[in-house]
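S.K.: what's the 3D shape of this:
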Amino acid sequence: MEGSFSIICCENINPEGFEVNQPLQKAPPSEQFVNPLRSTMQKKLSTLGNLYYQMFILSPTSD
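M.R.: Sure thing, here's the model as predicted:
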């Protein structure tokens, strides 16, 4: 039909109709992806130190 569209099912829709990200319900990222990122960021601490701190030190899933 012209002018019609289908809505993709989204589990987390707020009253305004926007999808809401709920990270606590999702699994943490795989170590396969986290470790290379951590290593690269450690090499660039002078530039990325604040971001590294936020991602790996303050993170509730950090080791």
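S.K.: so, low pLDDT: which residues of the chain?
M.R.: 1-14, 17-26, 59-63 (pLDDT under 70).
S.K.: show me where it has its strands.
M.R.: Under the criterion DSSP state E, the chain contains no strands.
S.K.: which stretches of this structure form helices?
M.R.: 31-43, 45-52 (DSSP state H).
S.K.: list the buried residues for the longest one?
M.R.: Looking back up the chat, that one is helix 31-43. Val34, Met41 (16 or more other CB atoms under 10 Å). Quick note: C-beta positions are derived from backbone N, CA and C, even for glycine.
S.K.: let's have the helices of the chain in JSON lines, adding distance to Leu58.
M.R.: Conversion of those to JSON lines gives the following (distance: least, CB to CB, whole Å):
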{"stretch": "helix 31-43", "distance to Leu58": "14"}
{"stretch": "helix 45-52", "distance to Leu58": "10"}
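S.K.: run a quick neighbour tally on Thr47.
M.R.: 10 (other CB atoms under 10 Å).
S.K.: same deal with Lys44?
M.R.: Counted with other CB under 10 Å, Lys44 comes out at 11.
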